[in-house]
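>>> what's the 3D shape of this:
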Amino acid sequence: MLQQACKAYPNARFTAYLDCADEAGTVLRALRAGVGHVRFIGRPEVAERLAAIAEQLGAEITDETFDTFDLLDQPDPFAACRAWLWRKHTLCGQD
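Numbers count the residues shown, from 1 in each chain. Down below sits the predicted model:
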């Protein structure tokens, strides 16, 4: 999905994070798969170890909370994305 978005909108600037919640194993699998930005909200000592691994791989781990949109339960993800992005666009004062 991200590759398609990049192709369709080559001038758009964004950073996509994979939210792994408190699942350290999911973070490790994501890092091994080449995911560059991961969100982890687990125990601080585990986060420190994961951050060290991420740094070695040129990746980043954060526990920051973002304004997100989950497509998991959306019957029409494309339409849901369009509506969500349009709301964000108009809230920013853009036309």
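>>> Going by C-alpha atoms from here, please, whenever you check contacts or count neighbours.
Noted.
>>> ok, now which ones touch residue 64?
Under the criterion of C-alpha atoms under 8 Å, 6 or more residues apart in numbering, the contact list for residue 64 reads residue 39.
>>> now it: how far from residue 5?
Residue 64 sits 24 Å away from residue 5, going by C-alpha to C-alpha, to the nearest Å.
>>> what does residue 40 give?
Distance of residue 40 to residue 5, computed by C-alpha to C-alpha: 25 Å.
>>> and if you look at residue 11?
Remark: distance between residue 11 and residue 5 (C-alpha to C-alpha) = 10 Å.
>>> Please tell me I have it right and residue 35 contacts residue 59.
Yes: proximity of residue 35 to residue 59 meets the contact threshold set by C-alpha atoms under 8 Å, at 7.2 Å.
>>> okay, those two: which has more neighbours?
Neighbours per residue (other C-alpha atoms under 10 Å) separate residue 35 from residue 59, with residue 35 holding more: 19 against 16.
>>> Lowest-scoring secondary structure element of this protein by mean pLDDT?
Of all regular secondary-structure elements in the chain, judged by mean pLDDT, DSSP states H and E, the least confident is helix 77-91 with a mean of 80.
>>> Give the bridge partners for the spatially closest residue to residue 62 that is not a sequence neighbour, please.
Residue nearest to residue 62 in three dimensions, not counting chain neighbours: residue 39, with 4.9 Å by C-alpha to C-alpha, 6 or more residues apart in numbering. Beta-bridge partners for residue 39, by DSSP bridges, are residue 19, residue 62.
>>> Specify the residue ranges that define each domain of the chain.
Partitioning the chain according to automatic domain parsing yields domains covering residues 2-64, 68-95.
>>> Pull the distance from the first one to the chain's centre.
The offset between the C-alpha centroid of domain 2-64 and the centroid of the whole chain comes to 7 Å, using C-alpha atoms, centre = their mean, to the nearest Å.
>>> middle-most residue in this protein, spatially?
Centroid check for the chain by C-alpha atoms, centre = their mean gives residue 17 as the closest residue, at 1.9 Å.
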